[in-house]
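K.L.:
give me a 3D structure for the following:
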Amino acid sequence: MRRARLVLLTTLLGVLVSGRAPDAANPPGKPRVTNLMLTPLAEEFTPGREVMVDLVQMPSNATLERHWHPGEEFHYYLEGGVEIKIEGQPSIIGTPGAVGHVPFKKWHQAVAGKQGARILVFRVHTKGEPWRYVEEGRPAKP
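P.N.:
Numbers count the residues shown, from 1 in each chain. Okay, the predicted model is just below:
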C-alpha cells in the first residue's frame with residue numbers, strides 16, 4: 001500500500017511539474033484521459049465501489065462526447081478553461097484552482113476553451129462497470 005501511494009504521488013508530481021501525462025501515445029489534437037489510479041474501497045465501508053483518479057487533457061476548443069459515469073465524479077481544474085455541460089443543471093465553468101462535481105449517472109459533456117484544459121478527476125465508481133457510457137455507439141443504462 002505504501003509503494004502504491006508513492007507511485008501515485010510520484011506520477012502526480014511528474015504530471016503537474018512537466019505538464020504532460022505519462023501516456024504520450026495518443027495523437028495531439030484529441031482529448032486524452034490517463035488513468036493515474038484505480039483502487040477498491042473497503043467492502044465494509046462502501047460495498048461494490050472503487051476510486052478512479054484520471055488526468056484529462058483537452059487541446060484548444062476540443063470537445064469530449066456526451067457521456068455518463070456509473071459513479072460520482074469530482075474535478076479539480078489545473079489549467080486552461082472548460083465548460084462542463086450537465087443535463088438538467090447549470091454548466092460548471094472550470095478555471096484553474098476551481099472544483100466541480102458531476103452527479104451519479106448524469107449525462108455531461110466537456111468543452112475546452114481557447115487555451116485547452118487540464119483536469120484532475122476523482123471518481124467513486126461502481127466496480128465491474130465500464131468507466132463511462134457514451135451517447136453514440138452503444139446503449140447506455142439509465
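K.L.:
can you tell me the closest non-neighbouring residue to the residue nearest in space to the middle of the chain?
P.N.:
Geometric centre of the chain, nearest residue: residue 121, 3.7 Å, by CA atoms, centre = their mean. Leaving aside its sequence neighbours, residue 121 sits nearest to residue 54 (CB to CB, 6 or more residues apart in numbering; 4.5 Å). All C-beta atoms are positioned from the backbone trio N, CA, C, and that covers glycine.
K.L.:
for burial, what's the neighbour tally of that neighbour?
P.N.:
Neighbour count for residue 54, taken as other CB atoms under 10 Å: 19.
K.L.:
do the same with residue 124
P.N.:
Residue 124 has 16 neighbours, counted by other CB under 10 Å.
K.L.:
that older thread, who's in contact with the residue nearest to residue 121?
P.N.:
Counting by CB atoms under 8 Å, 6 or more residues apart in numbering, residue 54 touches 33-36, 120-121, 123.
K.L.:
hmm, back to that, ok, now which ones touch the residue nearest to the centre of the chain?
P.N.:
By CB under 8 Å, 6+ apart, the contact list for residue 121 reads 52-56, 73-75.
K.L.:
which one of these is nearest to residue 136?
P.N.:
residue 56 (19.2 Å; CB to CB).
K.L.:
from residue 93, how far out is that closest one?
P.N.:
Counting by CB to CB, to the nearest Å, the gap between residue 56 and residue 93 amounts to 16 Å.
K.L.:
which one's more surrounded, these two?
P.N.:
Higher neighbour count among residue 56 and residue 93: residue 56, with 21 against 13, using other CB under 10 Å.
K.L.:
where's that one, which helix or strand?
P.N.:
Assigned by DSSP states H and E, residue 56 belongs to strand 49-58.
K.L.:
so which bits of that strand are buried?
P.N.:
49-50, 52-58 (16 or more other CB atoms under 10 Å).
K.L.:
partner strands of it, with direction?
P.N.:
When pairing is defined by DSSP bridges, strand 49-58 lines up against strand 32-40 (antiparallel), strand 108-126 (antiparallel).
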